[in-house]
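Undergrad: no sequence on this one, just coordinates:
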């Protein structure tokens, strides 16, 4: 019996859980990188713009890259704004 449409998924990894190879590879790379050397190199940058550019290029590897969200607007709605005069007495 194959997969039938409409049935709930069961088994396997939960959504958002990295696979074992990705997890192990990230741990190996993070252990191999000398963070003190990176800090020292960043501290040598004198120009603020260059410093911000360097840090912004490193951030996705520290925090993780964010996937864009697709927003699907199902229907158009009419919005009515009533302007009421405000009297100051």
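TA: Thanks, I have it. Keep in mind that what you see is a predicted model, and the values were worked out from it rather than measured.
Undergrad: where exactly do the strands run in the protein?
TA: Counting by DSSP state E, the chain has no strands at all.
Undergrad: which helix runs longest in it?
TA: Counting by DSSP state H, the longest helix found in the chain is helix 48-63.
Undergrad: show me the contact partners of that one.
TA: Residues outside helix 48-63 that contact it (C-beta atoms under 8 Å, 6 or more residues apart in numbering): 38, 42, 45. (Each C-beta comes from the backbone N, C-alpha and C, glycine too.)
Undergrad: avg pLDDT for that helix?
TA: Taken as a whole, helix 48-63 carries a mean pLDDT of 86.
Undergrad: quick one: distance of the lowest-mean-pLDDT helix or strand in the chain to the chain centre.
TA: Least confident helix or strand, the chain: helix 20-32 with a mean of 79, by mean pLDDT, DSSP states H and E. Centre-to-centre, helix 20-32 and its host chain are 19 Å apart (C-alpha atoms, centre = their mean, to the nearest Å).
Undergrad: how far is stretch 14-31 from where the chain is centred?
TA: Distance, stretch centre to chain centre, for stretch 14-31: 16 Å (C-alpha atoms, centre = their mean).
Undergrad: got the angle between the longest helix of the chain and helix 20-32?
TA: 140 degrees (axes from the mean of the first three to the mean of the last three C-alpha atoms, to 10 degrees).
Undergrad: centre-most residue in the protein?
TA: residue 66 (1.9 Å; C-alpha atoms, centre = their mean).
Undergrad: residue 43 versus that residue, what's the distance?
TA: Between residue 66 and residue 43 the distance, using C-beta to C-beta, to the nearest Å, works out to 28 Å.
Undergrad: now the residue nearest to the centre of the chain: phi and psi?
TA: Torsion angles at residue 66 (phi, psi; degrees, to the nearest 10) stand at phi -90, psi 130.
Undergrad: swap in residue 33?
TA: phi -80, psi 130.
Undergrad: ok, how many other residues are close to residue 8?
TA: 4 (other C-beta atoms under 10 Å).
Undergrad: can you check the one 4 residues further on too?
TA: The number of residues packed near residue 12 is 7, by other C-beta under 10 Å.
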